[in-house]
Structures are given as structure tokens and as C-alpha cells.
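Participant: Below are the sequence and a predicted model for it; my questions follow.
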Amino acid sequence: MPAHHLQLPAALAAAIALTGPLSAQQLYLDDAAACDRVLISQDGINDYANQGGLILGSTGFNSMEYFCSFQPAIRFGWSTYRASDHTGHCELPGPQYFPQMFTVVMDPEEPGTVAIWMGDPEPLRFHACSS
């Protein structure tokens, strides 16, 4: 892949730029079991993304070679049931782009879990990590 296609998505680049463990940051991963491993290691988020793990931010989610962005930004909160629609696109290496509609759901019965529906039978779920 040409070097100009290896740019890190902004959310991942910002997370990697952090020094020290991520315990002070709110982090959402697609694998709740990976939270401890990512939070305790200075390179945890970079390692997780390199292995294909997805990291959610307010304007999208990504791994090292997969990125989806959307608007408007997510307003995280679980005090009431929330479902919001967001438009955007996803990018794969190559680069390949495809438009996407995202429905983001936060349910007070599942605090800390963000479900993102993208047309598949099951949503992509992200879990808040805390130390």
C-alpha cells in the first residue's frame, strides 16, 4: 500500500499520542474483555487497533486499517433510551469508500454499551472501559 494511504484516522492518532496508560480517558472498545489489557499498557490502544480491534469515538470508529466516520457526533449518555441516526462513510484499505447510515442506540438497561446498527441483523456493540 502506498505510504500516503497509511495515515491514521484522527481518533486513533489522538489516542496513540497519549502518553501513559489510558485509565483517565473514556474508551469504548468492541471487545469488553480487552479493556484491562488496553488500559494498563502504554501501547495498548495501538496494539488493539493493529490486531483489528475497533475503537469508538464520538464521530466514528476505527481499527488500524478500517475507519467509519459519521455526523452528527454521538452524545454519550444512558439516563434515557436514545436512538439517533447518523450519516457517513466507511473506508477500507485501497482506499475503498462506501456510504453508510448508522443508527446509534444507548439503553439505560445496558449502561456503558453503545449499539451501532448498520443494516446487519445484529448491531456492532462497543463497551465503555473503566479502570
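Facilitator: Now that the structure is in, tell me what you want to look at. Residues are numbered from 1 along each chain as shown.

Participant: any idea of the pLDDT on the residue positioned nearest the centre of the chain?
Facilitator: Geometric centre of the chain, nearest residue: Leu56, 1.7 Å, by CA atoms, centre = their mean. Listed pLDDT for Leu56 reads 97.

Participant: immediately after the lowest-mean-pLDDT helix or strand in the chain, which helix or strand?
Facilitator: Of all the helices and strands that make up the chain, the one with the lowest confidence by mean pLDDT, DSSP states H and E is helix 10-17; it has a mean of 42. Remark: after helix 10-17, the chain's next helix or strand is strand 27-29, criterion DSSP states H and E.

Participant: where does Gly53 fall, phi/psi-wise?
Facilitator: phi -70, psi 140 (degrees, to the nearest 10).

Participant: unless I'm mixing things up, it is touching Asp30, no?
Facilitator: Yes - the pair Gly53 / Asp30 is scored as a contact, 6.3 Å apart, by CB atoms under 8 Å. Using the backbone N, CA and C atoms, a C-beta is placed for each residue, glycine as well.

Participant: Verify the stated contact: the residue nearest to the centre of the chain with Gly112.
Facilitator: No - Leu56 lies out of contact with Gly112 (CB under 8 Å); the separation is 11.6 Å.
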